[in-house]
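# Here is the input, now give the coordinates:
(2 chains)
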Amino acid sequence: MMVVIITLAIIAAFFGLLLGYSAIRFRVEGDPVVDKIDAILPQTQCGQCTYAGCHPYAEAIAKGEADINQCPPGGEAVIIALADLLEVEVIPLNAEHGEVKESKTVVYIDENTCIGCTLCIQACPVDAILGAAKHMHTVIESECTGCDLCIPPCPVDCIHIKAVTPTLKTWKWHRPEGGYAAPRAG
Amino acid sequence: MSAIKKSNILKTGESTWSFHGGIKLPGHKDMSTGKPIARMPSSDRYVIPLNQHMGAEGEVLVSTGENVLKGQMLAGPHGLISAAVHSPVSGKVAEITQHRFPHPSGLAGTCIVIENDHKDEWVERNPIGEDYTTISSHELRNIVRDAGIVGLGGATFPAAVKQTEVGIETLILNGVECEPYITCDDMLMRERADGIIKGAKIIAHIIKAEQCIIAIEDNKPEAIEAITRAVSRDGSENITVQSVPTIYPSGGERQLIKIITGNEVPVNGLPADIHVLCHNVATSYTIYKAIFEAEPLISRIVTITGRGINSPRNLEVDIGTSIHDCIEHCGGYSNDARALIMGGPMMGLTLNTDELPVIKATNCLLVTAGIDISLPDSEIHMPCIRCGKCVDVCPANLLPQQLYWFAADKDYDRAVDYNLFDCIECGCCAYVCPSQIPLVQYYRFAKSNIWEQERERKKSDIARQRHENRLERLEKQKQEREARLKKKRDALSKNKSSRDKEMDKKKALIAEALARVNEKKSKQNTKAKNTENLTPEQQQKIKQADARRENMKKHENQ
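Residues are numbered from 1 along each chain as shown, chains lettered A, B, ... in the order given. Next comes the predicted model:
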């Protein structure tokens, strides 16, 4: 009887130690789910999801505080990818947060009107506006995410939206029309 | 990946290896082989696009109004994978502008427009000729690169880039030309076989290949004969002519390598991985021209054919000539002409105007008439019935119907898992599809969307980095500001205490002084010492003086 108890106690102690050791040795730093969600989000940092940026929104999704359908720039593709990752149902975009733009856009500054107030520079989440106080500002279009956050602060309304037109490098083949909606293949 | 054994390679007439799938197509080749290659007369105006090849656009070397000579480089190669373009005539640069050119997007690209002065003055040329054997591979590659030579089989990949000299044993010259209607390589082999053989020897010298195999489809007996004669005239033993069965797409690079060597090019690999290099016969001829005549790629053979053309034939056309002019030169459109296709009926590109220039990729201009062929990019189709015919014909061993479902469903990850990028877009699957699904269109749609996703992902990574950098910067600024404020506050409080001390010191001094004054005052209350112990006389004088003062005061008051 005693032998059995002692043996079991030793085994229990051994596995307890093993578990304790592995918890320390193989500790996972940070929250990998947040990073995975963040990798899917489009990084426009526009705040339309009501969070301060893509990473805070990713944290909120991971905590279960936010739905996966609050990102208009990501649109359907992001919702599907998030649904796949989190193994939840695909839901349509929540219209409260805005609509999907027809094409990608960037902004540009009407340089004749700009008074150099720097308000747009402070608003830009990705530092894509260049300029100094009382000097003309300009948008680095290649870095602009099209979040439009710089437009409301401008006191002289000199920031305008323009669609990104396809170039020889970025044009795409269109999907043939007349096809049937395909069932998901297994 | 074992090296190809010599025994693997078969001689003319023997049976060969085969690849999976493929289809037999009606050739329609004799339509355009009846007449010899003719030279297209020179035009007044040439439009030379910078983007005629795979890779980066060339870098413009001329400016508007500048006089240029025939063969002068207009734009130099820019970056690793790029090609130069040259002026096909002597004349003037009329403008450098955005002009439409044959491209699936239909978008305009940068083009250099040359006005011909009809003097036909060449730029200074120093042909190398037979001495090329004394020149290093590296230098010869640079000549090929500067001559703007790209693969003329259709892919227009810069030729010099793939001419590696490491581990290549076999050079395969592709004279298969498997697509219906096209005969430009056939006619080139019939008429200019010697140049092709010389070109092959130059390439073999550059890549240090031990042997060269010229592969020709067995529906071109005249070309096989011409090339065989040229080989025997040349007398070199390392060149063999190999006839291959007429089956589409045996002219695809990977398919041809399989037919010739029995080995498959690995997925995501290059022919060089199995010690083979493949070039089109027309590319070989152009390399010969570059070395023996110092002539860059400024013209090519174009097949102008189809039932919609009145007088089909092959023309040698300068790059930049208007397609409209070429068709007019061949008798113009027939009454029932329907569609204009650049390339063949299987992989060609439908053009919706003929006001476009001939480019390096223009091997054929096919004009259909009535309903003789279905257009490669027609879009009306029936549902997939999963018959599996596409699987049987796919030369890349893929599952076209699965790829179609994934592409139509925008399930790109799975499309990539099913090796979408191994698809050579040959169109066999779409050709046999009983539902006439434009399968290749779906694959192209999926591929370009995957490329876009990749671009977007890179862009969003940059945006994330920039956003994080910004947050970090703002945080740093905030901390710095706080540190500065704290320093100021500290400095202020320190000053205050020292000032207080000073004040105290001053107050103490004042108090001391006051104390002294008070003391003095209290002392002054006693009578002045000089009025003590006076004599009566002196006291008398004082009284008199006081009385005088009183008098004076009285007088003043009066």
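
# Starting from the helix or strand harbouring B:Lys494, tell me the next helix or strand along the chain.
B:Lys494 is part of helix B:439-524 when elements are defined by DSSP states H and E. Counting by DSSP H and E, the next helix or strand C-terminal to helix B:439-524 is helix B:536-557.

# quick one: buried residues of that following helix?
By neighbour count on 16 or more other Cβ atoms under 10 Å in any protein chain shown, the buried set for helix B:536-557 is empty. All C-beta spots, glycine's among them, are computed from the backbone N, C-alpha and C.

# ok, now stretch B:260-270?
B:Ile260, B:Thr261, B:Asn263, B:Glu264, B:Val265.

# Would you check that the second one makes contact with B:Trp17?
Translated: B:Thr261. Yes: with contact defined as Cβ atoms under 8 Å, B:Thr261 reaches B:Trp17; the gap is 7.3 Å.

# Nearest to chain A, out of the buried residues of stretch B:260-270: which one, please.
Distance to chain A, by Cβ to the nearest Cβ, is smallest for B:Val265 among these, at 25.3 Å.

# can you tell me how far the closest one sits from B:Glu169?
Relative to B:Glu169, B:Val265 is positioned 14 Å away (criterion: Cβ to Cβ, to the nearest Å).

# before we move on, what about B:Gly199?
From B:Gly199 to B:Glu169 the distance is 19 Å (Cβ to Cβ).

# So for these two, which residue has more residues nearby?
B:Gly199 (25 against 18; other Cβ atoms under 10 Å in any protein chain shown).

# quick one: secondary structure of the nearest residue to A:His160 once chain neighbours are set aside?
Sequence neighbours aside, A:Tyr108 is the residue nearest to A:His160 in space, at 6.0 Å (criterion: Cβ to Cβ, 6 or more residues apart in numbering or on different chains). The local conformation at A:Tyr108, judged by DSSP: H, G, I helix; E, B strand; the rest coil, is strand.

# Secondary structure class of B:Glu124, three-state.
Under three-state DSSP, B:Glu124 falls in the coil class.

# show me the contacts for the closest residue to B:Arg229 other than its chain neighbours.
Using Cβ to Cβ, 6+ apart and skipping residues adjacent in sequence, the residue nearest B:Arg229 is B:Ala193, 6.9 Å away. Residues near B:Ala193 by Cβ atoms under 8 Å, 6 or more residues apart in numbering or on different chains: B:Ala226, B:Ile227, B:Arg229, B:Ala230.

# Residues of chain A that sit close to chain B?
Proximity of chain A to chain B (Cβ under 8 Å from any Cβ of the partner chain) is limited to residues A:38, A:41-45, A:53-55, A:77, A:125-128, A:143, A:145, A:166-168, A:170-180, A:182, A:184-185.

# For stretch B:262-273, give the distance from the opening residue to the closing one.
The first residue of stretch B:262-273 is 14 Å away from its last residue (Cα to Cα, to the nearest Å).

# Could you check how far the closest residue to B:Asp325 other than its chain neighbours is from chain A?
Excluding its sequence neighbours, the residue lying closest to B:Asp325 (Cβ to Cβ, 6+ apart) is B:Ser43, at 5.9 Å. B:Ser43 is 25 Å from chain A, where distance means Cβ to the nearest Cβ, to the nearest Å.

# Secondary structure element for B:Ser43, which one?
Per DSSP H and E, B:Ser43 falls between elements, in no helix or strand.

# Tell me who's in contact with it.
Contacts of B:Ser43 (Cβ under 8 Å, 6+ apart): B:Asn116, B:Asp318, B:Thr321, B:Ser322, B:Asp325.

# before we move on, which element is the last one in?
Secondary structure assignment for B:Asp325, by DSSP H and E: helix B:323-329.

# For the spatially most central residue of chain A, give me its contacts.
Nearest residue to the geometric centre of chain A (Cα atoms, centre = their mean): A:Leu41, 2.5 Å. Contact analysis of A:Leu41 by Cβ under 8 Å, 6+ apart lists A:Cys54, A:Tyr57, A:Ala58, A:Cys71, A:Gly74, A:Val78, B:Ser460.

# What are the boundaries of the helices in the chain?
Answering for chain A, as no chain was given. Listed in chain order, the helices of chain A (DSSP state H) span A:2-25, A:32-40, A:54-63, A:75-86, A:119-123.

# wrong one, chain B
For chain B, applying DSSP H gives helices covering B:137-146, B:159-162, B:184-191, B:193-207, B:221-234, B:253-261, B:281-292, B:323-329, B:389-393, B:400-408, B:412-417, B:428-432, B:439-524, B:536-557.

# The nearest residue to B:Thr228 once chain neighbours are set aside and A:Ile159, how far apart?
In this structure, B:Thr228 finds its nearest non-sequential neighbour in B:Val241, 5.0 Å apart by Cβ to Cβ, 6+ apart. Separation of B:Val241 from A:Ile159 (Cβ to Cβ): 67 Å.

# so where's chain A uncertain?
Counting by pLDDT under 70, chain A shows low-confidence ranges at A:30, A:178-186.

# returning to what we had before: now list the buried members of the residues of chain A next to chain B.
Buried by 16+ other Cβ under 10 Å: A:38, A:41-45, A:53-55, A:77, A:125-126, A:128, A:143, A:145, A:168, A:171, A:173, A:175-176, A:179, A:182, out of these.

# And the closest residue to chain A within the stretch 201-350 of chain B, how far from B:Phe101?
Chain A sits closest to B:Leu349 of the stretch 201-350 of chain B, with a gap of 11.7 Å, by Cβ to the nearest Cβ. Note on B:Leu349: its distance to B:Phe101, by Cβ to Cβ, is 11 Å.

# same deal with B:Ala339?
B:Ala339 is 18 Å from B:Phe101, by Cβ to Cβ.

# higher neighbour count, those two?
Each of B:Ala339 and B:Phe101 has its neighbours counted (other Cβ under 10 Å); B:Phe101 has more, 24 against 20.

# ok, A:Cys114 - how many residues close by?
Residues within reach of A:Cys114, counting by other Cβ under 10 Å, total 18.

# Correct me if wrong: it contacts A:Asp157.
No: applying Cβ under 8 Å as the test, A:Cys114 and A:Asp157 come out as separate, 10.5 Å apart.

# still on that earlier bit, looking at the helices of chain B, which one is packed in the most?
helix B:281-292 (a mean of 26; mean count of other Cβ atoms under 10 Å in any protein chain shown).

# Would you tell me which one of the helices of chain A is buried the most?
Of the helices of chain A, helix A:54-63 is the most buried (mean count of other Cβ under 10 Å), at a mean of 20.

# pull the CA atoms of that helix into PDB?
This file holds the C-alpha atoms of helix A:54-63, laid out as PDB (Å, rounded to 0.1, in the frame of the first residue of the first chain):
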ATOM      1  CA  CYS A  54      -5.100  48.700 -36.400                       C
ATOM      2  CA  HIS A  55      -3.200  47.200 -33.500                       C
ATOM      3  CA  PRO A  56      -5.600  48.400 -30.800                       C
ATOM      4  CA  TYR A  57      -8.500  47.000 -33.000                       C
ATOM      5  CA  ALA A  58      -6.600  43.700 -33.200                       C
ATOM      6  CA  GLU A  59      -6.300  43.600 -29.400                       C
ATOM      7  CA  ALA A  60     -10.000  44.300 -29.100                       C
ATOM      8  CA  ILE A  61     -10.900  41.500 -31.500                       C
ATOM      9  CA  ALA A  62      -8.600  39.100 -29.600                       C
ATOM     10  CA  LYS A  63     -10.300  40.000 -26.300                       C
END
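
# could you check the angle helix B:439-524 makes with that helix?
Angle, helix A:54-63 to helix B:439-524, by axes from the mean of the first three to the mean of the last three Cα atoms, to 10 degrees: 110 degrees.

# what's helix A:54-63 in contact with?
Contact with helix A:54-63 is made by A:31, A:33-35, A:37-38, A:41-45, A:49, A:51, A:66-68, A:70-71, A:82, A:86, B:464, B:467, as judged by Cβ under 8 Å, 6+ apart.

# Without its sequence neighbours, what residue ends up closest to B:Pro266?
B:Pro266 sits nearest to B:Asp273 (Cβ to Cβ, 6+ apart), 5.7 Å away.

# Would you check that the one you found makes contact with B:Asn263?
No: with contact defined as Cβ under 8 Å, B:Asp273 does not reach B:Asn263; the gap is 9.6 Å.
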